[in-house]
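> Here is my input, please return the structure:
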Amino acid sequence: MLTVASLPRVEIARLRRPALQASGWLVMGLGVLSLPIPGPVSTPLLAVGGLMVLRSSVSARRHYVRARDHAPRLVRPLFGRFDAWRHRHRAAQGAAQGAPVHAKVLAAANDVAANDSARALAFQTPAGNA
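This next block holds a predicted model:
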């Protein structure tokens, strides 16, 4: 009999992300189906399902960040409170660990900037080969 305890840790980790993503889409589908029901049933289902998908899907997270950066007036009312909570939570964790939070944020920003500049250089072609 196959149980979770009998699976190696690598297999569990490999199955976790698609399972979380599929369950997030399922919860969001239930939220869409519950839209005609009176009362605040669909909103929490859509929010929880969206967060599950954002946690498990790199492409969904990338689309969310692009939308948040390009249309903040549309996205911020939906996820602004969660983002503010997440930043406060991470700041509290960094303070509890003793490391300055701004150093971690700057390191992450430098990594993103380095990746963006490397990606931009990869797409440039020499003037003679164009």
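> So which residues make contact with the helix or strand where Leu51 lies?
Using DSSP states H and E, Leu51 falls within helix 42-56. Residues outside helix 42-56 that contact it (CB atoms under 8 Å, 6 or more residues apart in numbering) are 17-18, 20-21, 23-32, 34-35, 60-61, 64, 82. Where C-beta positions appear, they are placed from N, C-alpha and C, glycine not excepted.
> Report the buried members of those.
Gln21, Gly24, Trp25, Val27, Met28, Gly31, Ala60, Tyr64 (16 or more other CB atoms under 10 Å).
> Save those residues as JSON lines, and put in pLDDT, secondary structure and distance to His87 too.
Shown next, in JSON lines, are these (pLDDT from 0 to 100; DSSP: H, G, I helix; E, B strand; the rest coil; distance: CB to CB, whole Å):
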{"residue": "Gln21", "pLDDT": "91", "secondary structure": "helix", "distance to His87": "24"}
{"residue": "Gly24", "pLDDT": "93", "secondary structure": "helix", "distance to His87": "22"}
{"residue": "Trp25", "pLDDT": "93", "secondary structure": "helix", "distance to His87": "27"}
{"residue": "Val27", "pLDDT": "94", "secondary structure": "helix", "distance to His87": "25"}
{"residue": "Met28", "pLDDT": "92", "secondary structure": "helix", "distance to His87": "25"}
{"residue": "Gly31", "pLDDT": "93", "secondary structure": "helix", "distance to His87": "26"}
{"residue": "Ala60", "pLDDT": "88", "secondary structure": "helix", "distance to His87": "20"}
{"residue": "Tyr64", "pLDDT": "82", "secondary structure": "helix", "distance to His87": "15"}
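> now, among those residues, which is nearest to Val75?
Nearest to Val75 among the buried ones among the contacts of helix 42-56 is Tyr64, at 7.6 Å by CB to CB.
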